[in-house]
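S.K.: Can you look at this prediction? I've put the sequence above it.
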Amino acid sequence: MFGFGAIIRLSLEPGGYGAAGDRFALRYRVIDTPTERLHALRPEAFVAGPLGFSSPFGAPNMVNTAPLPWGDRLFVTWDVGRPAELDAVSLRFLGEVGHVDSWRGSSLPDDKLTPFLFSTAHPVVDPDRNCLWTVKLVPVGFSPWRLQPWVVRYDGDGIEVRVWPVAGATITGSMHTITQTRDWLILADSGNFKADPGELTNGVRSVLIDDEVPVFLVRKDRIEQTPVGDEVAAEVFTVSPSTGHFYARYDDSDGVRVLFEHMDRTDLGFHLRADDTDAFGRPVDPALVGFYNMAMAPSSVSEVSFDPLTKTATREAFVCEEWSWSHQLSAMDWSTEGISAPTRHHIVFQGFRPSAISQRALTAYGDRVDRSAFPDDETAACLVSLERGSLEVSSVYEFPSLADFPSSPVFVPRECGVPGRSRYAGKDPGGHDGWVVCPVLSDDGFRVEVFDAGSVGAGPVATLGTSARTCLPFMLHSAWAPAAVSAPDAERLRFSQEVRRDVMSALSDADAAAVVRVAAELDEI
Ligand SMILES: [Fe+2]
């Protein structure tokens, strides 16, 4: 969770980008942020701790969680740093989003070169305003730990973002996702990762996830009417259980409607340790040490409608099945037409994985986990299509091997580029007409499976493998774009613009020299 981000680009047509005519180019690069470049020059200055690296330079920005296309531009994200922009062809770093001064400084009172910015791994691109909405989280209480969300807006050009604290809003976990409708931003406490100050001092995790989390609806026009830096009001609701990812229907003319991919009894704060025993009492596989503790209950999905006038949240649909264990990631049609009127939602569930559930976590949760619901043994992962609105299960595909670890699927529309449609839209938008492309991690070799989005249960219609059974490391999100295009001209933040004389004077000569060199290298891009 705290390693340097890497980006992998897979071409879905053979040839090109250096590949032979019958091969598909897979291009990989560790993202060369200022932190990564400083680490390459001064590895001895970085100290690994339970929450990642610390260094005299400040907090790292690992941008290791999600790629975010915005038109022909490509951004990468992390929950604990600013988004950064890459060139989609070279995969080289171009700049971070927003000068730290426009973010109004670090989330924590450190005053070093690279800021510590609690944020979200899933900002949203507003198709009407052509801007990026994201958040900054600012600690407002330490016992118990509480954070206030701030709305952050980036207009895509220039070195500044604009910020608005959300009045009276606090969360105890994190804000892994935000989502939007035409008129509203929807923020929620993801709830599945909570900081535990005690764990940092005595190694024992006692903070557990809550059964329900707050949701904040903020009107976009209210933000636009509020001076930058002033507080903006929100309507407050709750949802249950906690939820990592959630996606609103952009068209809110018929109300605010959100699909929540819940992470029932999934506590990402617990990771597997070498001295742990698993759910069946076996020593944890050393290969899994450091991995997160997987789901201790089947994962549910719900659709909730929010009425800001009556301040009511109504669960309109709900699904939770015996096969829906370990909800992983999902695929949907991200075109403007697709988010406006979504038809189908495709989710990977990674199965019941007792070898990745620790007795330590089970003990901490006690009777909040129903162990009688555990299957007798490990179960395979599956790819599932749900109808938007009803959440009717329209198709299920079970992966053939327990060793298959499907990662983030993407939706690829059929006949993209139809006149009159937006850049990412296919002929019949919504998520049902096209393909679901699913990377599958396996010790037998990485492969990519392609399903018909109309019938994933029929199994893959094509599979792409590596000739040498190459294995890729664990990865999180993926995203589809119609083409890899060099980044357009824009004014971007340069690392050198944040280098201040006072923080430089606090560095050793060798560290300061590294900063000067990295700043010069990045100024040349
Ligand atoms: Fe995510």
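M.R.: Great, that's in hand. Residues are numbered from 1 along each chain as shown.
S.K.: how far is stretch 118-131 from where the chain is centred?
M.R.: 12 Å (C-alpha atoms, centre = their mean, to the nearest Å).
S.K.: Make 25 the first number, not 1, from now on.
M.R.: Done: numbering now begins at 25, and the last item shifts to stretch 142-155.
S.K.: Next, R229: phi, psi?
M.R.: R229 adopts backbone torsions of phi -90, psi 120, taken as degrees, to the nearest 10.
S.K.: Distance check, the nearest residue to it once chain neighbours are set aside against F166.
M.R.: The shortest distance from R229 to any non-neighbouring residue, by C-beta to C-beta, 6 or more residues apart in numbering, is to E223 (4.5 Å). Bear in mind the C-beta positions are built from the backbone N, C-alpha and C, glycine included. The gap separating E223 from F166 is 14 Å, by C-beta to C-beta, to the nearest Å.
S.K.: what about the two, which has more around it?
M.R.: Remark: of E223 and F166, E223 carries more neighbours, 16 against 9, as counted by other C-beta atoms under 10 Å.
S.K.: The more buried one looks like it's in a helix, true?
M.R.: Yes: E223 forms part of a helix when assessed by DSSP: H, G, I helix; E, B strand; the rest coil.
S.K.: List the contacts of it.
M.R.: Applying C-beta atoms under 8 Å, 6 or more residues apart in numbering, we find E223 in contact with 74, 229-231, 293.
S.K.: Assign the nearest residue to S520 once chain neighbours are set aside to helix, strand or coil.
M.R.: Once flanking residues are discounted, S520 sits nearest to A543: 3.9 Å by C-beta to C-beta, 6+ apart. Secondary structure assignment for A543 (three-state DSSP): helix.
S.K.: what's the neighbour count on A543?
M.R.: 18.
S.K.: about what we covered before: now a ChimeraX select for only the buried ones of the contacts of E223.
M.R.: This is how ChimeraX selects the buried members of those, with burial counted by 16 or more other C-beta atoms under 10 Å:
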select :229,231,293
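S.K.: so can I have JSON lines of the contacts of E223 showing distance to T201, secondary structure and pLDDT?
M.R.: Below are these laid out as JSON lines (distance: C-beta to C-beta, whole Å; DSSP: H, G, I helix; E, B strand; the rest coil; pLDDT from 0 to 100):
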{"residue": "P74", "distance to T201": "24", "secondary structure": "coil", "pLDDT": "74"}
{"residue": "R229", "distance to T201": "23", "secondary structure": "coil", "pLDDT": "87"}
{"residue": "S230", "distance to T201": "26", "secondary structure": "coil", "pLDDT": "87"}
{"residue": "V231", "distance to T201": "21", "secondary structure": "coil", "pLDDT": "88"}
{"residue": "G293", "distance to T201": "17", "secondary structure": "coil", "pLDDT": "89"}
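S.K.: farthest-separated two in the contacts of E223?
M.R.: P74 and S230 (14.8 Å; C-beta to C-beta).
S.K.: what packs against the top strand by length along the chain?
M.R.: Ranked by residue count under DSSP state E, the longest strand found in the chain is strand 155-166. Counting contacts by 3 or more C-beta pairs under 8 Å, 6 or more residues apart in numbering; DSSP states H and E, strand 155-166 packs against strand 148-150, strand 169-178, strand 202-204.
S.K.: if we look at that strand, which residues are touching it?
M.R.: Contact with strand 155-166 is made by 94, 99, 107, 121, 127-128, 131-132, 141-144, 147-150, 169-180, 185, 187, 189, 194-195, 198-199, 202, 204, 209, 211, 221, as judged by C-beta under 8 Å, 6+ apart.
S.K.: That's all I had, so thanks and see you.
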